[in-house]
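Enquirer: need the 3D shape of this:
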Amino acid sequence: MKRTNKVTQMFKLLTVFAVAVLTGCDGPGSQPEHGDEHAEADYKRGPNRGRLLEDGDFAVEITIFEAGVPPQFRVFPYRDGQPVDASEVDLSIELERLDGTVDPFAFAPTGTYLTGDGTVVEPHSFDVRVSARTQGKSHNWSYASYEGRTTISTEIAHESGIEVEPVGPIVLEETLDVLGRVELAPGAQALLRARYPGQVLAVDKTIGDSVQAGERLARIESNDSLRAYDLVSPIDGVVLERNTNVGDVADKGVLFVIGDLTRLQVNFHVFPKDLHRVAIGQSVSITSVDDRLTATTQIEAFLPTKEPETQTVIARALLSNPDKAWMPGMTVRGDIVVNKQEVPLAVRSEALQRFRDFTVVFAKVGETYEVRMLDLGRQTSQWTEVLGGINPGQEYVTRNSFLIKADIEKSGASHDH
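Expert: All right, here's what the predicted structure looks like:
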């Protein structure tokens, strides 16, 4: 039976995934307007379209009113189907949230209805307990009213690639996107010429060969002394250019270019409008255009002249390359950290989804996931500051959150007013 349930739930998530991809779960119109119903509710409604709770000849109609005011309970009492003076009813409501928190509400009469003394905080998803006393009699009801909530087993969540982490403080890094080109670092290149003009007797290395400092590249016979001497590499590196062959006469031209590919630099192009934000010592993340390689370094210097074609200023950063994965001539992206600030609460930007007219994440409690409407602050590509809507330490979905959203949408849970 357990295996069958697992297969069923996995099939459900795969179906949800397909629907999400085909429909685009983040596209316009993918969420209903606040207060709309996905389907006819499975409870009895009163004259104000609220939930009607009955006990004998007495009944109360529970509504959440939010036109021009923060969401508040308005409860209409009835006896034998007729409105009752609200001052004759003593009423209280308790809302138990997914995490066990209980929100109590006391009520005061306002004409034909009773008004709750607090805001019904989003999400409107809770177990409800209602207590009323009138004419010496007590009436009690309880019911579940969930929205933005679904349950997925731990095993299925793992297999679906759903990941979570707790909400907490983070250092927000504001970055500037720039493009750059990889080049050999200063001192990492050697141009070799003949010490004395003469005939090339032997050539030992060609383009792409590795060489060590002191290793022979060619042998040349001096025209003056007719004595042969060795042309050796002054550095460890790779032959980048070879401009000679046996029998050539070596004169003043460059015979070999040797490059140490472990010592590179990146020249980043900074536009004049952004120059005031960039400074020596700032951290910069480097990524190859195919996203295969990444590295972190810092701005070392600025060239004193502008590039004639682009009118950009070159900001230079050294790039260590011990495994020789980076290559001179590569175009790369750079993210220069131009500002840092610690915030007490933040979520990963990739976790954010749209739900009704809110930006949300999905909290995880046990095997249950539920929407959390967020009040947001500053945002970077990686992190978004949270000003309210979720508690510190609360686990939330960071990866594949769209699966949770699509599963909730598929379930059609209504916003109960």
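
Enquirer: mind checking how far the nearest residue to Phe355 once chain neighbours are set aside is from Gly389?
Expert: Nearest non-adjacent residue to Phe355, counting by C-beta to C-beta, 6 or more residues apart in numbering: Val371, 5.2 Å away. C-beta: built from backbone N, CA, C; applies to glycine. Applying C-beta to C-beta, to the nearest Å, the value for Val371 to Gly389 is 10 Å.

Enquirer: quick one: contacts for the residue lying closest to Asp99 once chain neighbours are set aside?
Expert: Leaving aside its sequence neighbours, Asp99 sits nearest to Val365 (C-beta to C-beta, 6+ apart; 5.5 Å). Val365 makes contacts with 98-99, 395, as judged by C-beta atoms under 8 Å, 6 or more residues apart in numbering.

Enquirer: before we move on, what about Ile404?
Expert: 150, 152, 162, 353, 362, 369, 397.

Enquirer: reformat those as JSON lines; add secondary structure and distance to Thr262.
Expert: Output for those, formatted as JSON lines (DSSP: H, G, I helix; E, B strand; the rest coil; distance: C-beta to C-beta, whole Å):
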{"residue": "Thr150", "secondary structure": "strand", "distance to Thr262": "52"}
{"residue": "Ile152", "secondary structure": "coil", "distance to Thr262": "48"}
{"residue": "Ile162", "secondary structure": "coil", "distance to Thr262": "41"}
{"residue": "Gln353", "secondary structure": "strand", "distance to Thr262": "44"}
{"residue": "Phe362", "secondary structure": "strand", "distance to Thr262": "46"}
{"residue": "Tyr369", "secondary structure": "strand", "distance to Thr262": "48"}
{"residue": "Val397", "secondary structure": "strand", "distance to Thr262": "42"}
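
Enquirer: nearest to Leu176 among those?
Expert: Gln353 (27.5 Å; C-beta to C-beta).

Enquirer: what is the burial count for the nearest residue to that closest one once chain neighbours are set aside?
Expert: Of all residues not flanking Gln353 in the chain, Lys405 sits nearest, at 4.7 Å (C-beta to C-beta, 6+ apart). Lys405 has 26 neighbouring residues, counting by other C-beta atoms under 10 Å.

Enquirer: centre of the chain to the host helix or strand of Lys405, how far?
Expert: Using DSSP states H and E, Lys405 sits in helix 401-411. The chain centre lies 18 Å from the centre of helix 401-411; the measure is C-alpha atoms, centre = their mean, to the nearest Å.

Enquirer: now do stretch 370-378
Expert: 14 Å.

Enquirer: CA atoms only: put it into CSV for me.
Expert: These are the backbone C-alpha positions of stretch 370-378, laid out as CSV (Å, rounded to 0.1, in the frame of the first residue of the first chain):
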residue,chain,number,x,y,z
GLU,A,370,2.2,26.4,2.7
VAL,A,371,2.4,29.8,1.1
ARG,A,372,4.0,32.7,2.9
MET,A,373,3.2,36.2,1.6
LEU,A,374,6.3,38.4,1.9
ASP,A,375,7.0,42.0,2.3
LEU,A,376,10.2,42.5,0.4
GLY,A,377,13.1,44.9,0.5
ARG,A,378,16.3,45.1,-1.5
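
Enquirer: which residues touch that stretch?
Expert: For stretch 370-378, using C-beta under 8 Å, 6+ apart, the contacting residues are 98, 122-123, 125, 146-150, 172, 174, 341, 343, 347, 352, 355, 358-363, 384-390, 394, 396, 408.

Enquirer: which among the residues you listed end up buried?
Expert: By the neighbour-count criterion of 16 or more other C-beta atoms under 10 Å, the contacts of stretch 370-378 include these buried positions: 98, 122-123, 125, 146-150, 172, 343, 347, 352, 355, 358, 360-363, 384-386, 389-390, 394, 396, 408.

Enquirer: just those: which are in strands?
Expert: 149-150, 172, 343, 347, 355, 358, 360-363, 384-386, 396 (DSSP state E).

Enquirer: before we move on, back to that, adding distance to Ala315, write the contacts of Val365 out as TSV.
Expert: Formatted as TSV, the contacts of Val365 follow (distance: C-beta to C-beta, whole Å):
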residue	distance to Ala315
Leu98	49
Asp99	48
Glu395	40
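
Enquirer: which of the residues you listed sits closest to Ala132?
Expert: Distances from Ala132 to the contacts of Val365, taken by C-beta to C-beta, are shortest for Leu98, at 25.5 Å.

Enquirer: any idea how far Glu122 is from the residue nearest to Gln353?
Expert: Using C-beta to C-beta, Lys405 is found at 16 Å from Glu122.
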